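K.L.:
based on what follows, work out the 3D shape:
(chains A and B)
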Amino acid sequence: MSSAEPNPPADSPATPERSLNFIEQIVEEDLRTNRWGGLPVQTRFPPEPNGYLHIGHAKSICLNFGLAKKYGGKCNLRFDDTNPTTEDTEYVDSIQDDVRWVGFQWDGLYYASDYFDQLYLWAEQLIQEGLAYVDSQSVDEIAKQRGTSTEPGVESPFRNRSAGENLDLFRRMKAGEFPDGAHVLRAKIDMAQTHLIMRDPVLYRIRHAHHHRTGDKWCIYPMYDFAHGQCDSIEKVTHSICTLEFETHRRLYDWCLEKLRIFPSRQYEFARMNLTYTVMSKRRLLELVKGNLVSGWDDPRMPTICGLRRRGYTPEAIRAFCERIGVARFISTIEMAWLEDALRDDLNKRALRVMGVLKPLKVVLTNWPAGQVDWLDAVNNPEDESAGSRKVPFSGTLYVEQDDFMETPPKQFFRLSPGREVRLRYAYFITCNEVVKDASGNIVELRCTYDPASRGGNSPDGRKVKSTIHWVSAEHAISSEVRLYDHLCRQPDPNDVPAGVDWKTTLNPNSLEVIPSAKLEPSLSDAAPGSKFQFERLGYFCVDTVDSRPAHPIFNRAVTLKDSWAKAQKKEGG
RNA sequence: UACCCGAUAGUGUAACGGUAGCACAACAGAUUUUGGUUCUGUUUGUCCAGGUUCGAAUCCUGGUCGGGUAACCA
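P.N.:
From the prediction side, this is the model:
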């Protein structure tokens, strides 16, 4: 990870060979040509503290921090807090938590508001040099004069105020002499520019609002365009990476740095991503929270970092995902399967295996010695020998999954059915002899016999079974609430609705299924909040960090296991 | 509409004038005490039309389609 070796040997075990993304190419080119005169690569992650971070931000976090790490540079966390009316410390805290959780530590922690004094001085400088003026028109008037893409704008009648008058007015704006909206400071550029952003953009506006950090010190606040580039410049950011919608702003970004004659940070834009079966915009996420359509920002169905964390995602999986999706200038739609696959890939190697039955079907072993309990060895993780094994209790009354029994099975169904023998994982072969139904014909119990010689799961005579199913001992099982999560939206693109139809109609009504009392093996009774397990043959589950109580864990299903039987069935059913 | 940006298998992403590759998905098979994992194989692609060139995904021209911008938001 050190920058000492610009060209690590090909047999370096560090990271597998991957081609450079376009930003890495730029960085390497800059390094090669010594563009920054020996300055380290400096990046920054610049969230506005007005919402929670989501998986899209994770991409930016991994890019910015990853670049610094890869090239031996530094990355700052900087809050872009220039709009006091929408920002709050609640978000400042959550954002820091999330960045750390994703796995990065910033070099400097800054706020745009740290630089308000300097920014103000720069504004005065521009005024003095005739590059900015105070406009006393209303929002509407200014908007009207901006012109259109085809027609040039018209100059403000206040455009040619003297530097002295501008300075006086600007100082009085700062002093609080005017109400909101009375004046703005504008750059004096060119009202005929084809790039509308350059038609005398607003630099400062009056806002008599309490700021989460500077309190009531200021009543004028710089606009994004008059803050971001300068903040980058102050921090000697070499590569200022942002999303595509800021592309047109780059002209103004450069203009400010050039006119102020300060460190020439460069801005580069990459495409944000979309994820299938979910929404990502702050506005829509807020809609879900405010409308109580989810339980909060950290609802495990949310694509927020805290939601994914609560769901059971790991930082490693998130980072692997971000690495895999790449960086480009084309707005991509990533399949949710990629995210899920990244989690499975990580947890497969690390998660301990346990057995749990979600929808229990009682099995009585008719030849089991009454009252006997057998403690059987179960491997904790076949992918990791060092994870060891545990003892699981077995008795004459068990629960198996309802889905693992069919009275009249199709030919491809290998699991339990009348007259058929299957293996109980790590236990015995059992054969189903009788199906017990209630008055209305529902199957309520299976009566089976077990083969004592098959203890551990192998028959001495070498006979094979086509299937192994999971189970729990009825008298030893604990009952736990299990929450099964599915896609937030029912169609890949929630935006793909007819005009006038609310995207919320695409929400998946079955995105959460609560199982009040699943039957789980007893070792799970004291599972720690946040710990993750593979329930064999079902999926990866995480102990909920919010609602679990000591000795009463609640499990969230993070992701299912791949299930080729379910897939085949689904295909059959159309 | 104007300006800017983009377009490579189903989805992403490489190839930087010289054999279109990789991952995920899909499909088929092998292994398997998880219908998991792992392994092997297969299918599917350069938006269109011209031009330059021995040779074009790549360079040029025109078009098509998609996205962004037109806040006293960031």
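
K.L.:
how far does stretch A:261-269 sit from the chain's center?
P.N.:
Relative to the mean C-alpha coordinate of its chain, stretch A:261-269 is positioned 29 Å out (CA atoms, centre = their mean, to the nearest Å).

K.L.:
give me the mean pLDDT for it.
P.N.:
Computed over stretch A:261-269, the mean pLDDT rounds to 96.

K.L.:
so how far is the helix or strand where A:Gln534 lies off the chain centroid?
P.N.:
A:Gln534 is part of strand A:532-535, with elements assigned from DSSP states H and E. Offset of strand A:532-535 from its chain centre (CA atoms, centre = their mean): 21 Å.

K.L.:
stretch A:184-192 now?
P.N.:
Using CA atoms, centre = their mean, the offset of stretch A:184-192 from its chain centre is 39 Å.

K.L.:
what lies in contact with that stretch?
P.N.:
Residues from elsewhere that reach stretch A:184-192 (CB atoms under 8 Å, 6 or more residues apart in numbering): A:123, A:126-127, A:130-135, A:142, A:145, A:147, A:152-156, A:159, A:170, A:173, A:198-206, A:220, A:226, A:252, A:255. Bear in mind the C-beta positions are built from the backbone N, C-alpha and C, glycine included.

K.L.:
which ones among those also lie next to RNA strand B?
P.N.:
A:142, A:202, A:205-206 (CB under 7 Å from any atom of the strand).

K.L.:
returning to what we had before: same for the strand holding A:Gln534, what does it pack against?
P.N.:
Where contact means 3 or more CB pairs under 8 Å, 6 or more residues apart in numbering; DSSP states H and E, strand A:532-535 is packed against helix A:336-350, strand A:352-354, strand A:539-543, strand A:555-560.

K.L.:
look up the closest residue to A:Ala558, ignoring the ones flanking it.
P.N.:
Take A:Ala558 and drop its neighbours on the chain: the residue closest to it by CB to CB, 6 or more residues apart in numbering is A:Gly312, 2.9 Å away.

K.L.:
right, and that neighbour touches A:Asp544 too?
P.N.:
No: applying CB atoms under 8 Å as the test, A:Gly312 and A:Asp544 come out as separate, 9.1 Å apart.

K.L.:
how near is the residue of chain A found nearest RNA strand B to A:Ala427?
P.N.:
In chain A, no residue comes nearer to RNA strand B than A:Gly457, which is 1.9 Å away by CB to the nearest atom of the strand. Separation of A:Gly457 from A:Ala427 (CB to CB, to the nearest Å): 6 Å.

K.L.:
okay, the two: which has more neighbours?
P.N.:
Taking neighbours as other CB atoms under 10 Å, A:Gly457 and A:Ala427 compare with A:Ala427 leading, 24 against 17.

K.L.:
return the residues of the stretch 251-400 of chain A in contact with RNA strand B.
P.N.:
Residues of the stretch 251-400 of chain A lying near RNA strand B (CB under 7 Å from any atom of the strand): A:271, A:324-335, A:337-338, A:341, A:344-345, A:348, A:353, A:381-383.

K.L.:
separate out the buried members of the residues you listed.
P.N.:
A:271, A:325-327, A:334, A:341, A:344, A:353, A:381 (16 or more other CB atoms under 10 Å).

K.L.:
need the max-distance pair from those.
P.N.:
A:Ala271 and A:Arg353 (39.2 Å; CB to CB).

K.L.:
which outside residues touch the strand or helix carrying A:Asp30?
P.N.:
Secondary structure assigned from DSSP H and E places A:Asp30 in helix A:22-33. Contacts to helix A:22-33, defined as CB under 8 Å, 6+ apart, come from residues A:6, A:20, A:35-36, A:41, A:63, A:67, A:70-71, A:238-239, A:241, A:268, A:270, A:327-329.

K.L.:
now the buried members of those residues.
P.N.:
A:36, A:41, A:63, A:67, A:70-71, A:238-239, A:241, A:268, A:270, A:327.

K.L.:
restricted to strands, list those residues.
P.N.:
The strands, defined by DSSP state E, take in A:239, A:241, A:268, A:270 from those.

K.L.:
and the strands in the stretch 201-350 of chain A?
P.N.:
Per DSSP state E, counting those that start in this stretch, the stretch 201-350 of chain A carries strands over the ranges A:202-206, A:220-222, A:239-243, A:266-270, A:273-275, A:332-334.

K.L.:
so which of these is the most surrounded?
P.N.:
strand A:220-222 (a mean of 24; mean count of other CB atoms under 10 Å).

K.L.:
which secondary structure elements does that one contact?
P.N.:
Using 3+ CB pairs under 8 Å, 6+ apart: strand A:220-222 touches helix A:116-128, strand A:202-206.

K.L.:
format the ones you listed as a markdown table; extra columns: mean pLDDT and distance to A:Glu316.
P.N.:
Conversion of the helices and strands packed on strand A:220-222 to a markdown table gives the following (pLDDT from 0 to 100; distance: least, CB to CB, whole Å):
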| stretch | mean pLDDT | distance to A:Glu316 |
| --- | --- | --- |
| helix A:116-128 | 98 | 39 |
| strand A:202-206 | 98 | 43 |
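
K.L.:
what about A:Ile95, which helix or strand?
P.N.:
Once you assign secondary structure using DSSP H and E, A:Ile95 falls within helix A:89-102.

K.L.:
does RNA strand B sit close to that helix?
P.N.:
No: contact of helix A:89-102 with RNA strand B is not found when judged by CB under 7 Å from any atom of the strand; the minimum separation is 11.7 Å.

K.L.:
hey, which of the helices and strands packed on strand A:220-222 is tucked in deepest?
P.N.:
Mean neighbour count (mean count of other CB under 10 Å) peaks for strand A:202-206 among the helices and strands packed on strand A:220-222, with a mean of 22.

K.L.:
that one: partners in the sheet, and parallel or antiparallel?
P.N.:
strand A:184-187 (antiparallel), strand A:220-222 (antiparallel) (DSSP bridges).

K.L.:
export these to a markdown table and tack on mean pLDDT and distance to A:Ala558?
P.N.:
Below are the strands paired with strand A:202-206 laid out as a markdown table (pLDDT from 0 to 100; distance: least, CB to CB, whole Å):
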| stretch | mean pLDDT | distance to A:Ala558 |
| --- | --- | --- |
| strand A:184-187 | 97 | 49 |
| strand A:220-222 | 98 | 42 |
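
K.L.:
make a markdown table from those and add distance to A:Lys562 to it.
P.N.:
Formatted as a markdown table, the strands paired with strand A:202-206 follow (distance: least, CB to CB, whole Å):
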| stretch | distance to A:Lys562 |
| --- | --- |
| strand A:184-187 | 56 |
| strand A:220-222 | 51 |
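
K.L.:
please consider this matter closed, and thank you.
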